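Student: After the sequence you'll find the predicted model.
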Amino acid sequence: MSSSTPNPGIPAAGTPAPSPQTLDAQERIARLRAIADEFPDEASPKPLTKGERQLESRTSIVFLEKAALFAEAAPSLGVALSVDTAELRDAIASDLATGGVIDETRTLISRMEDANTRKKLKAVKVARGIYRVAKSYVTTDLGHVVTPHVEEMKRALQRTRANKKKAVPAEPPATTPAVTPKPSEQQK
């Protein structure tokens, strides 16, 4: 008796199986998303603007602490401005606590990029070695069969150049012809 529902772990017939790297990446992405979901944030935060990000990055946590101390030293002013010093101190504690996590995350990103770059660089060196040999091979009697492959490698290797905007020659300024007196007016 066959089951009518396909097994989710087995790809459908004709579908190539995902590579181990893809499966590993998908599992790591799921773990990273789970970690991201653990960070407290507003229920539905609106995206921060560039100006808001600049304001935050240019204001030190020392300034936040000084503002909290001032609000406690002048309680009537703090109440008038609706300052919640506990909220200020919570922001300070959060910044100090997550700073290390952010630094480690940046280190992780750098390590992942470097590992991927080393792996690709190794493959690039092999592929370029193949291309060097292939360019010579197509010049032999047997090479005509693989000439299209070498041409494709050549095209794939060429960088696409950014289209420079062609300098449009500036139109010469409109000149008004100089008024020349008529010969009959010159003799007057």
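Tutor: That came through fine.
Student: Going by C-alpha atoms from here, please, whenever you check contacts or count neighbours.
Tutor: Noted.
Student: show me where this protein has helices.
Tutor: Under the criterion DSSP state H, the chain carries helices at the ranges 20-38, 50-57, 61-73, 75-80, 85-137, 147-157, 183-186.
Student: how about the second one as CSV, C-alpha atoms only?
Tutor: Right, helix 50-57. Provided in CSV are the C-alpha atoms of helix 50-57 (Å, rounded to 0.1, in the frame of the first residue of the first chain):
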residue,chain,number,x,y,z
LYS,A,50,18.9,57.3,8.8
GLY,A,51,18.6,60.4,11.0
GLU,A,52,17.4,58.3,14.0
ARG,A,53,20.3,55.9,13.6
GLN,A,54,22.7,58.8,13.4
LEU,A,55,21.2,60.5,16.5
GLU,A,56,21.5,57.2,18.5
SER,A,57,25.1,56.5,17.4
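Student: need the contact list for A71.
Tutor: Counting by C-alpha atoms under 8 Å, 6 or more residues apart in numbering, A71 touches 77-78, 83, 85.
Student: can you list those in JSON lines and add pLDDT and distance to Y137?
Tutor: Formatted as JSON lines, the contacts of A71 follow (pLDDT from 0 to 100; distance: C-alpha to C-alpha, whole Å):
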{"residue": "L77", "pLDDT": "82", "distance to Y137": "84"}
{"residue": "G78", "pLDDT": "74", "distance to Y137": "81"}
{"residue": "V83", "pLDDT": "85", "distance to Y137": "77"}
{"residue": "T85", "pLDDT": "88", "distance to Y137": "76"}
